[in-house]
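Asks: For reference, the sequence and a predicted model appear below.
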Amino acid sequence: MNHTSNEESSGCVWVCQIIMVEGVVGFLGNLLVCLVILRVKFLHNMTNYLLVNLAVADMLVCVQAFFFYLSADQDFPLIRFVPASLIGKELLCRLLASAFLYWFFASVSAYTLCLVTFERYVSIVHPLQYPRKLTATRMTILIVLTWAISLLFSVPILFTNKGSRDPNKVCSSTERPHDARITHVLSFLVGYLLPITLMSLAYYKMQLTLKRQASALKMEHARAAAYDLVIARQRLVSMLTIVLGALIVLLTPGHVESLICLHPSQTDPMWSICNSPNYSYLRGACNILLYLNSVVNPIIYEFKYKKFRQGLKVAFHSCFGQQCKNSVDIVMNPTSHNR
């Protein structure tokens, strides 16, 4: 029995350590994305500003992951921190130990990706309406609304966890598990399923439109510049489609796992399965994938986003005091993705 318990404890510690490493790597990677886009002038366009907002949200997810598994995980925290006061317990349990911060920041990330999709959709499918519909002021308002709506949808999760009055225990689950189930299911539908469905439909429509545009330009023997613009847009949409695909692949197992074992009672037939050691390993693997989603975007940009790669080179050259080549500034047209 002790041997099994020790193995389970060791496995959970490894999960904590892996996710904390993901938190550090993801924070640094997304910080690099922000610095490169904000520093390099030819990357200053609407799409990339939205990618900065996405990177900020992913950075905050990584920070939440690091501190949650460092001190707030109820099973095997690497540093066991027990606040002396009940107020301290309430703040720790409702903010850090609950899923509130994760759902808040993850929802901002998902809805920011929706905004990126919407901006590209209007630019490609309705290009003549782009300057009128997507002004800088409107996009700023949409970004603020993204944070506000995500916060609003995440607030109910604050009430699924609370500070324990037991001096030997930090947190306790809500006394109304039925409400907690409803809260988590709604968060899943609104913060995950809805944005993924809308984005999938939008990317499908964009891919069809871009293929039609490319075929029409080929038949009309259009100028090379016009055809190159369509190809550049195709590459950007392909890169964003990969980002969406990574989100689906990495987040789906964790959401399915959490829905299967959502506050089961001892009379529930899932109780024995959800509290078994093997299931705890599965939950740990799903959580590793869940947080990996906030780490992979900078890697995708590096391999699939040509402009970001060139901007990264320019940023490093300027940091080391080297003169950037004029040819880079000529090739990079700052308005190429604004239409």
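Replies: Here it is on my side, so go on.

Asks: List the contacts of stretch 143-157.
Replies: 50, 53, 98-100, 103-105, 107-108, 111-112, 115, 183-184, 186-187, 190-191 (C-beta atoms under 8 Å, 6 or more residues apart in numbering). For every residue, glycine as well, the C-beta is placed using N, CA and C.

Asks: Among these, name the ones in helices.
Replies: 50, 53, 100, 103-105, 107-108, 111-112, 115, 183-184, 186-187 (DSSP state H).

Asks: Tell me the buried residues within those.
Replies: Among the ones in helices among the contacts of stretch 143-157, those classed as buried by 16 or more other C-beta atoms under 10 Å are 50, 53, 100, 103-105, 107-108, 111-112, 115, 183-184, 187.

Asks: Closest one of those residues to residue 301?
Replies: residue 50 (13.0 Å; C-beta to C-beta).

Asks: which non-adjacent residue is nearest the closest one?
Replies: What sits nearest to residue 50 in space, not counting adjacent residues and going by C-beta to C-beta, 6 or more residues apart in numbering, is residue 116, at 4.6 Å.

Asks: measure that neighbour to residue 240 for me?
Replies: For residue 116, the distance to residue 240 equals 6 Å [C-beta to C-beta, to the nearest Å].

Asks: same deal with residue 308?
Replies: Distance from residue 308 to residue 240, by C-beta to C-beta: 12 Å.

Asks: Could I get the full set of strands for the stretch 201-339 of the chain?
Replies: Assigned by DSSP state E, counting those that start in this stretch, the stretch 201-339 of the chain shows no strands.

Asks: can you give me the helices for it?
Replies: 224-260, 271-274, 277-304, 306-319, 326-331 (DSSP state H, counting those that start in this stretch).

Asks: buried ones in the second one?
Replies: Think helix 271-274. So, applying 16+ other C-beta under 10 Å, buried residues of helix 271-274: residue 274.

Asks: Quick one: mean pLDDT for that helix?
Replies: The average pLDDT within helix 271-274 is 73.

Asks: In PDB, list the C-alpha atoms belonging to it.
Replies: The C-alpha coordinates for helix 271-274 follow below in PDB (Å, rounded to 0.1, in the frame of the first residue of the first chain):
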ATOM      1  CA  TRP A 271     -16.300   7.400  -8.100                       C
ATOM      2  CA  SER A 272     -14.000   4.400  -8.100                       C
ATOM      3  CA  ILE A 273     -12.600   5.200 -11.500                       C
ATOM      4  CA  CYS A 274     -12.100   8.900 -10.900                       C
END
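
Asks: if we can go back for a sec, deepest of the helices of the stretch 201-339 of the chain, which one?
Replies: helix 277-304 (a mean of 19; mean count of other C-beta atoms under 10 Å).

Asks: from the middle of its chain, how far away would that helix be?
Replies: 11 Å (C-alpha atoms, centre = their mean, to the nearest Å).

Asks: now for it, which elements pack on it?
Replies: helix 2-39, helix 46-67, helix 224-260, helix 306-319 (3 or more C-beta pairs under 8 Å, 6 or more residues apart in numbering; DSSP states H and E).

Asks: Now do the longest one: which elements does it pack against?
Replies: It refers to helix 2-39. So helix 2-39, by 3+ C-beta pairs under 8 Å, 6+ apart, packs with helix 46-67, helix 277-304, helix 306-319.

Asks: State the distance from residue 99 to residue 70.
Replies: Taking C-beta to C-beta, one finds residue 99 at 16 Å from residue 70.

Asks: now swap in residue 308 and tell me
Replies: 31 Å.

Asks: now residue 281
Replies: Taken as C-beta to C-beta, the span from residue 281 to residue 70 is 21 Å.

Asks: With residue 314 instead?
Replies: For residue 314 relative to residue 70 (C-beta to C-beta), the value is 36 Å.

Asks: try residue 31
Replies: 19 Å.

Asks: Same check on residue 45?
Replies: For residue 45, the distance to residue 70 - C-beta to C-beta - is 37 Å.

Asks: what's the spatially most central residue of the chain in contact with, if anything?
Replies: The centre of the chain sits closest to residue 109, judged by C-alpha atoms, centre = their mean, with a distance of 4.2 Å. Residues in contact with residue 109 (C-beta under 8 Å, 6+ apart) are 54, 57-58, 61, 294.

Asks: Verify the stated contact: residue 90 with residue 162.
Replies: Yes: the pair formed by residue 90 and residue 162 meets the contact definition of C-beta atoms under 8 Å, at 6.6 Å.
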